[in-house]
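Visitor: Please find the sequence and the predicted model below.
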Amino acid sequence: MSNVIRRNPRLERIARNRLHPQHAELNTGAEVRGPTGLLRKNPHAVGFIGPNGIKRIDRSAKSGSNSLLRRTAQKTATATVELPLHQVKTPDYFIAVVVDLAAGRLSGHDKDVLGQAHQLVAELGGQGAVLAVAFGPARDVDFGSAGADRLLHLPDYQGYCPEQKLAVLTALEAQYTPRFWLFPDSVQGGADFGRRLAVRLNIRAATHAWQVSAQQTVCRGGLDKTDWQRPTPRVLLLAEECAMPVSETRHEATPIDVPVVTKVDTRIEDLGAVNVDPSQIALSEAEFILSGGNGVRDWDQFHQVAAALGATEGASRVAVDDGHMPRFRQVGATGTWVTARVYIAVGISGAIQHLQGIGQCDKVIAINMDPGCDMVKRADLAVIGDSQAILAELLALVSGQSEIPLETDEASRHVA
């Protein structure tokens with residue numbers, strides 16, 4: 001018998017015509033075998049009809065005929081790739097990188113500077129090691145994957161204390177004599193410390209450098225409209241995207257001993273952060289955001305809760321289009337990308353553009369009526385219930401007027 005797959009034009013027409021009485025019989029699954037023998041996905045057979053009559057697609061890989069296949073695919077996609085380990089046992093020289101470590105995290109600017117350090121090591125050759133210097137506490141930071149061969153982390157140096165930090169850098173200069181000192185040219189501290197160290201070492205630093213080699217450096221100025229070249233100095237203040245971050249290797253990040261620091265007579269006293277009105281903070285810089293969507297019915301209450309929590313207000317595109325919030329408060333790919341530590345989404349279903357905009361947030365809390373919406377699936381903690389009642393109780397708890405705790409039964413609370 002011939003193994004040639006023969007086409008049946010009649011069945012193909014029935015399979016394309018959703019109004020034909022036999023259409024459902026030919027399309028019983030999400031995947032069907034086409035006339036050429038290839039498996040083809042039927043988009044009309046994906047998903048299920050929910051209790052409210054709306055068709056939904058189950059992305060949780062918990063149901064359906066191909067649940068095992070989806071779980072395996074998700075596990076493979078999220079598996080951590082084991083990168084090769086780069087080791088420098090006896091360094092011939094060091095290139096020191098002082099990272100900002102703003103809010104206890106390595107920023108993209110920090111990773112670019114570490115990538116530039118490894119480019120210099122590759123150009124110079126030999127057994128060069130990248131020494132990362134970080135001040136202040138760190139929160140789940142993997143210095144090794146960012147490219148640090150050696151690490152000096154001083155978590156006790158908190159706040160604005162440039163004199164003490166400069167004393168540490170001076171001690172490192174005396175002990176290791178790095179070939180280059182690299183700083184991110186940013187307002188988070190790198191620009192200040194780099195210039196202070198350059199003055200201490202009597203070096204004319206290169207500022208806003210974006211193309212660096214061991215001999216020549218291209219710096220940008222004039223409102224980023226002018227470039228000029230100069231010989232590469234030992235102290236470099238680098239612009240963003242000066243180099244690609246380290247992505248193909250992982251490094252040891254071996255801690256080094258704290259150098260002996262001479263006593264410093266401090267003339268600057270850090271009195272702490274100044275209280276700032278959260279409404280005056282830009283969304284891209286906010287650490288705590290309360291965002292409202294189509295599910296918010298009482299916007300006056302929403303503003304009261306944001307003021308009581310000290311959160312910066314945000315909104316979904318639907319809320320902005322309806323006129324409840326200004327356009328500059330829109331969160332998402334079509335608005336502002338945010339990197340908040342805590343992001344509370346009230347009545348936001350979770351469109352793909354909105355989820356892209358909050359992809360870098362640490363903790364996402366969702367308040368929604370629909371336990372199957374995409375925002376609940378994305379959230380680290382989800383509260384299922386009426387947003388107006390939940391915000392009212394939250395406002396009462398913050399003001400100290402509540403006498404009963406929030407309900408914690410399974411019908412009103414859902415942990416994603």
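Guide: Okay, I see it.

Visitor: how about Arg200, secondary structure?
Guide: helix (DSSP: H, G, I helix; E, B strand; the rest coil).

Visitor: give me phi/psi at the closest residue to it other than its chain neighbours?
Guide: Nearest non-adjacent residue to Arg200, counting by CB to CB, 6 or more residues apart in numbering: Thr170, 6.1 Å away. Heads up, the C-betas are built off the backbone N, CA and C, glycines and all. Backbone torsions of Thr170, given as degrees, to the nearest 10, read phi -70, psi -40.

Visitor: So Thr170 versus Tyr176, what's the distance?
Guide: Applying CB to CB, to the nearest Å, the value for Thr170 to Tyr176 is 12 Å.

Visitor: circling back: ok, the residue nearest to Arg200 touching Arg196?
Guide: No - applying CB atoms under 8 Å as the test, Thr170 and Arg196 come out as separate, 9.8 Å apart.

Visitor: could you pull out the helices for the protein?
Guide: 9-16, 23-26, 67-78, 108-124, 143-146, 162-176, 190-201, 299-309, 317-321, 352-357, 374-378, 387-399 (DSSP state H).

Visitor: hey, least reliable of those helices by pLDDT?
Guide: Note on the helices of the chain: helix 67-78 shows the lowest mean pLDDT, a mean of 46.

Visitor: Would you mind measuring from Tyr198 to Glu173?
Guide: For the record, residue 198 is Ala, not Tyr. 11 Å.

Visitor: The two: who's more crowded?
Guide: Of the pair Ala198 and Glu173, Ala198 is the one with more neighbours under other CB atoms under 10 Å, namely 21 against 17.

Visitor: Can you give the domain ranges for this protein?
Guide: 7-46, 50-79, 85-255, 279-399 (automatic domain parsing).

Visitor: Kindly present these as TSV, with separate columns for distance to Thr262.
Guide: Formatted as TSV, those follow (distance: least, CB to CB, whole Å):
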stretch	distance to Thr262
domain 7-46	68
domain 50-79	49
domain 85-255	6
domain 279-399	36
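
Visitor: To Glu269, which of those domains lies closest?
Guide: When the domains of the chain are compared by CB to CB, domain 85-255 sits nearest Glu269, at 9.0 Å.

Visitor: now do the same end-to-end measure for the closest one.
Guide: Across domain 85-255, the terminal residues are separated by 16 Å (CA to CA, to the nearest Å).

Visitor: same thing with stretch 199-217?
Guide: Note: stretch 199-217 ends 19 Å apart using CA to CA.

Visitor: same deal with stretch 339-349?
Guide: One end of stretch 339-349 sits 19 Å from the other (CA to CA).

Visitor: List the buried residues in that stretch.
Guide: Neighbour counts using 16 or more other CB atoms under 10 Å place 339-340, 342-349 of stretch 339-349 among the buried residues.

Visitor: Which of the residues you listed lies at the shortest distance from Val398?
Guide: Closest to Val398, out of all of the buried residues of stretch 339-349 and judged by CB to CB, is Ile344, at 12.8 Å.

Visitor: Distance check, that closest one against Gln127.
Guide: Distance of Ile344 to Gln127, computed by CB to CB: 49 Å.

Visitor: shouldn't Val305 be in contact with Leu290?
Guide: Yes - counting by CB under 8 Å, Val305 touches Leu290, with 6.6 Å between them.

Visitor: shared neighbours of these two, which are they?
Guide: Ala311 (CB atoms under 8 Å, 6 or more residues apart in numbering).

Visitor: These two: which has the busier surroundings?
Guide: Neighbours per residue (other CB under 10 Å) separate Val305 from Leu290, with Leu290 holding more: 29 against 22.

Visitor: my read: that one touches Gln304, true?
Guide: No - Leu290 lies out of contact with Gln304 (CB under 8 Å); the separation is 10.8 Å.

Visitor: now the helices of the chain as JSON lines including distance to Thr266?
Guide: Shown next, in JSON lines, are the helices of the chain (distance: least, CB to CB, whole Å):
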{"stretch": "helix 9-16", "distance to Thr266": "79"}
{"stretch": "helix 23-26", "distance to Thr266": "79"}
{"stretch": "helix 67-78", "distance to Thr266": "47"}
{"stretch": "helix 108-124", "distance to Thr266": "26"}
{"stretch": "helix 143-146", "distance to Thr266": "28"}
{"stretch": "helix 162-176", "distance to Thr266": "5"}
{"stretch": "helix 190-201", "distance to Thr266": "14"}
{"stretch": "helix 299-309", "distance to Thr266": "35"}
{"stretch": "helix 317-321", "distance to Thr266": "47"}
{"stretch": "helix 352-357", "distance to Thr266": "42"}
{"stretch": "helix 374-378", "distance to Thr266": "45"}
{"stretch": "helix 387-399", "distance to Thr266": "38"}
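
Visitor: Val331 is nearest to which of those?
Guide: Here helix 352-357 is closest among the helices of the chain (CB to CB), at 5.0 Å.

Visitor: buried residues in the closest one?
Guide: Buried residues in helix 352-357 (16+ other CB under 10 Å): 354-355, 357.

Visitor: And for stretch 92-100?
Guide: Buried-residue list, stretch 92-100, by 16+ other CB under 10 Å: 94-100.

Visitor: now do stretch 142-153
Guide: 143-153.

Visitor: Quick one: residues contacting His109.
Guide: If you count contacts by CB under 8 Å, 6+ apart, His109 has them with 100, 184, 186, 190, 240.

Visitor: Looking at those, spot the one nearest Leu166.
Guide: Nearest to Leu166 out of the contacts of His109 is Gly190 (CB to CB; 13.0 Å).

Visitor: and that closest one, how many neighbours?
Guide: Neighbours of Gly190 (other CB under 10 Å): 25.

Visitor: Also Asp300?
Guide: 7.

Visitor: what does Val258 give?
Guide: 12.

Visitor: Ok, Leu154 next?
Guide: For Leu154, the count of nearby residues is 16 (other CB under 10 Å).

Visitor: Understood, closing this out.
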